[in-house]
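1. quick one, fold the following:
(one chain, ligands or ions: 2)
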Amino acid sequence: MRKMSILSLVFLLLSLTAFKSSDSTSSLDTTTLVKIDASTREERTEITSLGVSIEEVHDHYIVGICRPAQLTALKAKGFLFESFSLPAFLLDFPPGDSAFHNLQELESEMKDLAQTYSHIATLSSIGKSVEGRDLWMMRVSGPQILEGEKSGIIFLGTHHAREHLSTEVPFSLIKHLLKNYGKDEKITKLINEREIWIIPLVNPDGTDYDITNPPYKWWRKNRQGKGAESIYGVDLNRNYGYKWGGQGASSDPSSETYRGASAFSESETQAVKAFIDSHPNITTLLSYHTFSELILYPWGYTYDSIEDQRAFKVHETMAQAMGRMTGYRPQQSSDLYLTSGDTTDWSFGEHKIISFTFELYPANMWDGGFYPPASVIEDVVRNNIPPALYLIEYANNPYRVITTIRPRDFLTVSDVWPPKP
Ligand code: 0X9
Ligand code: ZN
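-> Residues are numbered from 1 along each chain as shown. Ligands and ions are numbered 1, 2, ... in the order given. I've put the predicted structure just below:
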């Protein structure tokens, strides 16, 4: 990972200004930025298990986010750390943030697209969030293609509320596919030969809370806990049911990495599960997050590699190829730190779906963190179209990447799925 420059460090220290929220119930009052000495993945796992969300990994320290309770726990465990109030310059989208979509804009643009491109696009809701909002999904596939007839691929955006670019990238992917159908030969072929599902916003409640007065609250989780003294929220990327409850997640509801009361306790993860469980033609999955510019693949729950050597090789080869396309760094998730209950461990562990987590732009907090300027959206989207098309192309049988059959044989290989061991 890129190191923080001396200049940015000086800038940060000069900018350390406590943020005073006008909303006394805001979690912002207690949200703390923390720099913790840690050099190994084992130390990082312990830190995230204590409830800190790790946002940057450097050779000898991490930068994370937590609440005062976690500072006490870190101290008790003997970690050396420095904590800061959220720096003012990171608390807002810079001017012109309107290019980011709020819930209403996203929903109405998705509806318009489904109408304009009704021959190849279908909009539906896969379920409701805990606060009752629709979880919108766009299906893109050739005219008259029946469900399950072609190989499927699913793209998921924004499990974590504050990671706004991770909505923009899959939403722009929808537009890119639809607008190029019938114009770009390759994209036309991909849409005709695949069933593509895109859910740009898995956590609408959290996102709405994050951007509603006062914006921006650095909110990560969903909005579970209504009726309780305060809404605590569940980390949706710790709530999936494969090895749920292990290391790298917290049982403390107030922490950033709270795993929920049980596996799939949340309606958002239940909806994703039900959809994937009932679509066995899905071979490939990509879950977008921000930030750090990484391409991650299972396992996250163990430091061991995927046992099945062929499946491991497919993930590694694809991650490296997509790393070359984007400049992002490919690596196994648990090289950073362990997590239990994340999306991709479940989709691969339960369904053998070839699964990736992208940590999008920026490379580090000092380049905008969760709230980079809207002016970067276009470039980040452009950078992320090639890997998305690549995954769609290989979705008929991702195991093609480890055979001698090269991409020039585009769409000529018969569908063989699931692969023979
Ligand atoms: O911790 C997460 O859920 C993801 N990072 S984020 O900053 N977007 O919250 C990364 C999950 C990848 N899995 C592991 N590192 N095991
Ligand atoms: Zn995330």
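2. rest of the way, CA atoms for contacts and neighbours
-> Noted.
3. name the residues of stretch 101-115 that are buried.
-> His101, Asn102, Leu103, Leu106, Glu107, Met110, Lys111, Leu113, Ala114 (16 or more other Cα atoms under 10 Å).
4. need the contact partners of the host helix or strand of the last one.
-> Right, Ala114. Assigned by DSSP states H and E, Ala114 falls within helix 103-116. Outside helix 103-116, the residues within contact range by Cα atoms under 8 Å, 6 or more residues apart in numbering are Ala121, Thr122, Leu123, Trp136, Met138, Lys175, Pro204, Asp208.
5. verify the contact between the third one and Ser141 for me.
-> No: assessed by Cα atoms under 8 Å, Leu123 is found out of contact with Ser141, at 11.8 Å.
6. residues near Pro143, how many?
-> Pro143 is flanked by 12 other residues according to other Cα atoms under 10 Å.
7. list the contacts for it?
-> By Cα under 8 Å, 6+ apart, the contact set of Pro143 is His119, Ile120, Asn192.
8. wait, a helix at the last one?
-> Yes: judged by DSSP: H, G, I helix; E, B strand; the rest coil, Asn192 forms part of a helix.
9. change the start of the numbering to 679 and stick with it
-> I'll keep to 679 as the first residue from here, and by that count the last item is Asn870.
10. low-confidence bits of this structure, can you list those?
-> Within the chain, the segments meeting pLDDT under 70 span 679-706, 765-774, 905-907, 1082-1099.
11. residue in it nearest to ligand 1?
-> Among all residues of the chain, Gly978 sits closest to ligand 1, at 3.5 Å; criterion: Cα to the nearest ligand atom.
12. spell out which parts of the stretch 929-1078 of the chain neighbour ligand 1.
-> For the stretch 929-1078 of the chain, the residues in contact with ligand 1 (Cα under 6 Å from any ligand atom) are His967, Thr968, Gly978, Ser1011, Ser1012, Leu1014, Tyr1015, Leu1016, Thr1017.
13. so can I have TSV of those showing secondary structure, distance to ligand 2 and neighbour count?
-> Putting these into TSV (DSSP: H, G, I helix; E, B strand; the rest coil; distance: Cα to the ion, whole Å; neighbours: other Cα atoms under 10 Å) gives the following:
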residue	secondary structure	distance to ligand 2	neighbour count
His967	strand	4	27
Thr968	strand	6	27
Gly978	coil	13	27
Ser1011	helix	12	24
Ser1012	helix	15	23
Leu1014	coil	13	20
Tyr1015	coil	14	25
Leu1016	coil	14	26
Thr1017	coil	12	27
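14. quick one: which of the residues you listed is nearest to Thr845?
-> His967 (8.7 Å; Cα to Cα).
15. close enough to count as contact, the closest one and Phe833?
-> No: applying Cα under 8 Å as the test, His967 and Phe833 come out as separate, 11.3 Å apart.
16. give me the neighbour count for Gln998.
-> Residues near Gln998, counting by other Cα under 10 Å, number 18.
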